[in-house]
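# starting from these lines, generate the structure:
(2 chains)
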Number of protein chains: 2
Amino acid sequence: MIIIVTGMPGSGKSRIVHEFERRGFPSVSMGDVVREETAKRGLALTKENVAKVSIRLRQELGQNAVAKLTVEKVRELLRESDVVVIDGVRSLDEVGTFRGAFPDEEIIIIAVHTPPHTRFERLRARGRHDDPQTWEDFEERDWKELKFGIGNVIAMADYMLVNDGSKEEYEKRVNRLVDRILTEH
Amino acid sequence: MIIIVTGMPGSGKSRIVHEFERRGFPSVSMGDVVREETAKRGLALTKENVAKVSIRLRQELGQNAVAKLTVEKVRELLRESDVVVIDGVRSLDEVGTFRGAFPDEEIIIIAVHTPPHTRFERLRARGRHDDPQTWEDFEERDWKELKFGIGNVIAMADYMLVNDGSKEEYEKRVNRLVDRILTEH
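Here you go, the predicted model:
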């Protein structure tokens, strides 16, 4: 089984990925795949270089370049684990790449939704070097995801988690959902 | 205050619209706006004619033609009601049209999410003349909405309702949400 975790920046995706990992199921981050590829090409891991490699990969391997590189990692992990989590899918095209590469695997999409204003406050508080500090930066970063088509992946999710309350409440919801998925599938 | 209700076909949008209406707040259906325009042009209300008028309107008034026609109806309703509901928004561009037309009104997006397989079963059971009977028809109808950009409206919603359980449970959730919005705003 392949679990695709999707959601806008700052929505709480990583909490879901971590819960699967805590239970012994490995994950692949599509962002890490690009960063690895950047390092392989002998470039420093700056935001600009990663963006550049991301564009070059598309020129070399087509629109779903990152998904294609991710397929190989997923294939390896599926040898050792019944469940593999993919973090960072941004379009239904990418979902299609995974469905095409793994026709016999069940593929489940989990989306997490957090209202924009709450995401903005969280990202600002998180303050990772690429996190937005102004509403304009936030909208620009959101738009980067939206223009890939992440909204369509969210709209077509098999499970939707809402993360609009306390951290504790959200952690409970994530736990219950992971229990449910591992029981039902 | 303007309430935009969005969601994929068969997700349960109309339940939300009805709850606002039950409390005395009027709504405008963007689908009805096109149907009205079709009738005005002396055409029978067939699926084909409505689709044709929808395309013609875009040629005449631009990409957000239906939103522009809807603005006038919303303006009228806002004279009599503090809260007006818009049903059928399909892109962030359309949301932008409403924000531009009503700069002093608070605009809130409510999205409702139902997993694709559940929506398909519901639509098949509903059996309205344009409801899909096969999975292929269902995917085609979904795709019509997705290519407008409805996923992005869902991704940017201020409130997300999940409609994946019983009808009664969903009705409770809708009631609680409408209470919450009318209290908080």
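
# going by C-alpha atoms from here, please, whenever you check contacts or count neighbours.
OK.

# can you classify A:Ile110 by secondary structure?
Under DSSP: H, G, I helix; E, B strand; the rest coil, the three-state class of A:Ile110 is strand.

# residues near it, how many?
Other residues lying near A:Ile110 total 23 when counted by other Cα atoms under 10 Å in any protein chain shown.

# check contacts around it.
Contact partners of A:Ile110, counting by Cα atoms under 8 Å, 6 or more residues apart in numbering or on different chains, are A:3-6, A:157-161.

# beta partners of it?
Listed by DSSP bridges, the beta-bridge partners for A:Ile110 are A:Val5, A:Tyr159.

# quick one on the thing from earlier: rebuild the contacts of A:Ile110 as TSV, extending it with neighbour count and pLDDT.
Converted to TSV, the contacts of A:Ile110 look like this (neighbours: other Cα atoms under 10 Å in any protein chain shown; pLDDT from 0 to 100):
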residue	neighbour count	pLDDT
A:Ile3	19	98
A:Ile4	24	98
A:Val5	26	98
A:Thr6	28	97
A:Ala157	22	98
A:Asp158	20	97
A:Tyr159	20	97
A:Met160	25	98
A:Leu161	24	98
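
# measure A:Asp168 to chain B for me?
Small correction: residue A:168 is Glu, not Asp. Distance, A:Glu168 to chain B, using Cα to the nearest Cα, to the nearest Å: 19 Å.

# what number of residues lie near that residue?
The burial count for A:Glu168: 9, using other Cα under 10 Å.

# phi and psi next, for it.
With angles defined as degrees, to the nearest 10, A:Glu168 sits at phi -60, psi -40.

# please apply the same query to the one 5 residues further on.
According to degrees, to the nearest 10, the main-chain angles of A:Arg173 amount to phi -60, psi -40.

# residue contacts, it?
Applying Cα under 8 Å, 6+ apart to A:Arg173 gives the contacts A:Leu161.

# cutoff 10 Å now
A:Arg173 sits next to A:16, A:161-163, A:167, A:179 when contact means Cα atoms under 10 Å, 6 or more residues apart in numbering or on different chains.

# check A:Asn64 too.
Listed by Cα under 10 Å, 6+ apart, the contact set of A:Asn64 reads A:57-58, A:70, A:91, A:93-97.

# would you list those residues in JSON lines and tack on neighbour count and pLDDT?
Compiled in JSON lines, the contacts of A:Asn64 are given as follows (neighbours: other Cα under 10 Å; pLDDT from 0 to 100):
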{"residue": "A:Leu57", "neighbour count": "19", "pLDDT": "92"}
{"residue": "A:Arg58", "neighbour count": "13", "pLDDT": "88"}
{"residue": "A:Thr70", "neighbour count": "21", "pLDDT": "96"}
{"residue": "A:Ser91", "neighbour count": "22", "pLDDT": "93"}
{"residue": "A:Asp93", "neighbour count": "17", "pLDDT": "93"}
{"residue": "A:Glu94", "neighbour count": "21", "pLDDT": "95"}
{"residue": "A:Val95", "neighbour count": "19", "pLDDT": "96"}
{"residue": "A:Gly96", "neighbour count": "13", "pLDDT": "96"}
{"residue": "A:Thr97", "neighbour count": "17", "pLDDT": "96"}
